[in-house]
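**Student:** Take a look and give me a structure for this.
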Amino acid sequence: MSEGNKQPLEQEEPETPETQAGPEQEAPQAEEEAEKTEKKPKKKKEKGYTFTREQVEQMELAAKQLESVKDQFTRLTAEYDNYRKRTTKEKDGIYQDAKADTIKAFLAVYDNLERAAATEGDEDSPHKKGLLMIFQQVKDILAKLGVTEIEAKGQPFDPERMEAVMHIDDESFGENEVAQVFQAGFMLGDKVIRHAIVQVAN
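**Tutor:** I've put the predicted structure just below:
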């Protein structure tokens, strides 16, 4: 074959990035686009509610009924609290009255012991000593029960706690001063359970 007869061979065109991209390269691009679309948060559509006039009226009625029930509950709670306080006070009052009545029944014994202890006699006598011990024991019991003797002698006359049965004129005493106590008076707390019977001067 002569050189003149030789035909030039067709030169192959160099592969460009476009020509090189085959189906294998298109796949990653598609995946990236899919990921981008997945990452975008989807906006939730807010649902609106519509009510008929009848439904609105029913809801308003239910709200009024609820408010009425709450008001009734508040009133009942207050009434129950007042009832509980009132019954507690009444029970305490009944107990104090019963206690006062019981103590009053023993005051006659107190009076007799007081008169016996005040009599003159042999102080060394075992009978007198025993009597004084019993009298002191009764005083201690009354003190533990909350009973106190009304201080009357030498005090201004108090009609709330004392009962005057005699009146004398004596310059050695002040005006309306208690000169003598005939019978001791007693109080249970702030309540007088027996008035002191006294003699008032001037």
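**Student:** I'd like to know which elements the lengthiest helix in the chain is packed against.
**Tutor:** For the chain, the longest helix by residue count, based on DSSP state H, is helix 53-118. Secondary-structure packing of helix 53-118 (3 or more CB pairs under 8 Å, 6 or more residues apart in numbering; DSSP states H and E): helix 126-144, strand 186-188, strand 191-194. All C-beta atoms are positioned from the backbone trio N, CA, C, and that covers glycine.
**Student:** Quickly find the element holding K153.
**Tutor:** K153 is part of no helix or strand, with elements assigned from DSSP states H and E.
**Student:** ignore the last one, A179
**Tutor:** strand 177-183.
**Student:** Taking helix 53-118 as reference, get the angle to that strand.
**Tutor:** 80 degrees (axes from the mean of the first three to the mean of the last three CA atoms, to 10 degrees).
**Student:** Now do the buried residues in strand 177-183.
**Tutor:** 177-179, 181 (16 or more other CB atoms under 10 Å).
**Student:** Name the nearest of those residues relative to I168.
**Tutor:** Checking those against I168 by CB to CB gives A179 as the nearest, at 6.0 Å.
**Student:** my guess is the closest one contacts I168, does it?
**Tutor:** Yes: contact criterion CB atoms under 8 Å: A179 and I168 qualify, at 6.0 Å.
**Student:** Give the residues shared as contacts by the two.
**Tutor:** By CB atoms under 8 Å, 6 or more residues apart in numbering, A179 and I168 have these common neighbours: 199-201.
**Student:** Look at the spatially most central residue of the chain and report its pLDDT.
**Tutor:** With distances taken as CA atoms, centre = their mean, the chain has D81 as the residue nearest its mean C-alpha position (10.9 Å). Here, the pLDDT recorded for D81 equals 93.
**Student:** okay, and the helix or strand of the chain with the least pLDDT?
**Tutor:** For the chain, using mean pLDDT, DSSP states H and E, the weakest element among its helices and strands is helix 17-20, scoring a mean of 46.
**Student:** ok, Q65 to I197 distance?
**Tutor:** Using CB to CB, to the nearest Å, Q65 is found at 67 Å from I197.
**Student:** more neighbours, those two?
**Tutor:** Neighbour count, other CB atoms under 10 Å: between Q65 and I197, I197 has more, with 17 against 10.
**Student:** and A143, how many neighbours?
**Tutor:** 11.
**Student:** Ok, the one 4 residues further on next?
**Tutor:** Per other CB under 10 Å, the neighbour tally for V147 reads 21.
**Student:** tell me the angle the longest helix of the chain makes with helix 126-144.
**Tutor:** 160 degrees.
**Student:** related to what we said a few turns ago, please narrow the shared contacts of A179 and I168 to those residing in helices.
**Tutor:** Taking DSSP H, every one of those sits outside helices.
**Student:** Which of the residues you listed lies at the shortest distance from R86?
**Tutor:** For those, the nearest to R86 is V200 (40.8 Å; CB to CB).
**Student:** Would you mind naming the residues that bridge with the closest one?
**Tutor:** With DSSP bridges as the criterion, V200 is bridged to H167, V178.
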